[in-house]
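In: How does the following fold in three dimensions:
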Amino acid sequence: MIVRTASKMRAHLDDFSGRLSCGLSKPARRFVGEALYGIAARGSVRLSEIGRALEEPIPLIKTETRLSRNLGREELCAHLGAAVLREGGPRIAGCNLAVKGAYLRNSSIRCDASCETELLAKGVSRHDRGCRT
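Out: Below is the predicted model of the structure:
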C-alpha cells in the first residue's frame, strides 16, 4: 500500500514538473523535478534539505552546489512564474483581481465573459490587464 502511494505521488510530481518545465533545457527540467521532489519529501525549500532528500552517492556539498547553480539560471524564474500562473489560473474561483490580472498578463488566454464583466465593473480596462483583443 505504501509503495503504491509513493509511486503514485512520484508519478504526479513527475507529471507536474513536466508541465512546469516544458520548454526549458534538459538540466533545468531535471532541476525542477529534483527540487519538487526534495521539497515534497523533506518539507523544506533549503537546498541542503532538498539535497538530502535526493540521497545521491556524492558529497552533499556537491549536490548543493549543482542545485544552487541551476537555481541561478536566468530563464528559470520567468518561465516557472508563467507556468505556475498558467497551471493555477483556471482554478482561481471568484476572479481575484490581483491574481487573475497577473495570470492574464502572462498568458495567451482571454477573459471569459463573467470575468470580463466583473473586471469592467471594478473599473479595470482591458489595456490595464494586458488582455489581448
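
In: For the protein, just list every one of the helices.
Out: Here the chain has its helices, by DSSP state H, at 2-21, 26-42, 47-54, 60-71, 74-88, 97-105, 113-121, 126-129.

In: Least confident of the ones you listed, on average?
Out: The minimum mean pLDDT among the helices of the chain belongs to helix 126-129 (a mean of 44).

In: For the helices of the chain, please prepare a markdown table with the additional fields mean neighbour count.
Out: Yep, even glycine has a C-beta here, placed from its N, CA and C like the rest. Converted to a markdown table, the helices of the chain look like this (neighbours: other C-beta atoms under 10 Å):
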| stretch | mean neighbour count |
| --- | --- |
| helix 2-21 | 12 |
| helix 26-42 | 18 |
| helix 47-54 | 19 |
| helix 60-71 | 15 |
| helix 74-88 | 14 |
| helix 97-105 | 16 |
| helix 113-121 | 13 |
| helix 126-129 | 13 |
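
In: what domains does the record give for this protein?
Out: Domains of the chain are assigned by automatic domain parsing as 2-74, 92-129.

In: Could you find the closest non-adjacent residue to Ile39?
Out: Leaving aside its sequence neighbours, Ile39 sits nearest to Val45 (C-beta to C-beta, 6 or more residues apart in numbering; 5.8 Å).

In: roughly how far apart are the one you found and Glu55?
Out: Distance of Val45 to Glu55, given as C-beta to C-beta, to the nearest Å: 18 Å.
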